[in-house]
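Q: Here is a sequence together with a model predicted from it:
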Amino acid sequence: MSDIRRQRVPRPVREQQIIDAAIRVFARRGYHAASVDEIAELAGISKPMVYLYLDSKEGLFLACLRREAERLLTAFRAAAGPAHSPELRLRAGLLAFFTFVAEHRDSWVVLHRQSSEPSPAITAELARSRRALLAEVTGLVRADIEESDGPACPEDDAEFVTYTLVGAADSLTDWMALHPGEPPERITLRLMNMVWVGMRNVLDGEVWTTPSGTP
């Protein structure tokens, strides 16, 4: 009896093992095509045990979304928080994001590359995780604007810059898949050159206007 007890895996540990396996299968197959049988086999347990721990295929997918979204946000906060200037905070946040995507590609696929027709619960969880990330970036951008010495910017500038940054970073994750040898540090540097230089000029009061005579 004592040997059996020593072999038992605590429930929280087992749940994480199931989620680890599920992320690999969901990333490879997509939510609808993923099989709970395959997830159970990869996790080394029976299919009924998956349902016992996480209730349903949808419940399992939601657990994957919540865990990986929190891991991404935690990495972003930990990196951007200690930096001492606007550009260093932005660089640190971007580097944390691209590093997460490079090191946890399956997680990123599950978070942002799933079926266009998920269930209402999954749709709501995906929206919640995206709002959380946007809120983090917006706070970072707003602090950068407030710390600048240039003229005051309109209230919606932080939101506009946030969507620009998140959209660019999101698109670049597809580019990363096509260029697996490109390190996160270089991707971050290239995006900083494209985004921060222009953002800095705007914060300093420089704006682009349509040339005279342009239709």
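A: Perfect, I can see it now.
Q: ok, now which ones touch residue 33?
A: Under the criterion of CB atoms under 8 Å, 6 or more residues apart in numbering, residue 33 has no contact partners. For glycine as for every other residue, the C-beta is placed from the backbone atoms N, C-alpha and C.
Q: how near is it to residue 180?
A: 24 Å (CB to CB, to the nearest Å).
Q: what's the answer for residue 98, then?
A: 13 Å.
Q: between those two, which one's more packed in?
A: More crowded of residue 98 and residue 180, by other CB atoms under 10 Å: residue 98, with 22 against 8.
Q: Just the pLDDT for that one.
A: On the pLDDT scale, residue 98 is placed at 97.
Q: Now the host helix or strand of residue 27: buried residues?
A: In the assignment (DSSP states H and E), residue 27 maps to helix 11-29. Residues 14-15, 17-27 are the ones in helix 11-29 that count as buried (16 or more other CB atoms under 10 Å).
Q: Next secondary structure after that helix?
A: helix 36-43.
Q: Summarise which helices and strands that following helix is packed against.
A: Here helix 36-43 is seen to pack against helix 11-29, helix 47-54, helix 57-80 when contacts are counted using 3 or more CB pairs under 8 Å, 6 or more residues apart in numbering; DSSP states H and E.
Q: Mind putting these into TSV with distance to residue 195 and mean pLDDT?
A: Formatted as TSV, the helices and strands packed on helix 36-43 follow (distance: least, CB to CB, whole Å; pLDDT from 0 to 100):
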stretch	distance to residue 195	mean pLDDT
helix 11-29	28	95
helix 47-54	39	94
helix 57-80	15	94
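Q: Using CSV, lay out the ones you listed together with distance to residue 41.
A: Formatted as CSV, these follow (distance: least, CB to CB, whole Å):
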stretch, distance to residue 41
helix 11-29, 8
helix 47-54, 9
helix 57-80, 14
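Q: Looking at those, spot the one closest to residue 133.
A: Of all these, helix 57-80 sits nearest to residue 133, with 6.5 Å by CB to CB.
Q: Would you mind confirming that residue 126 makes contact with residue 120?
A: No - judged on CB atoms under 8 Å, residue 126 makes no contact with residue 120 at a distance of 10.8 Å.
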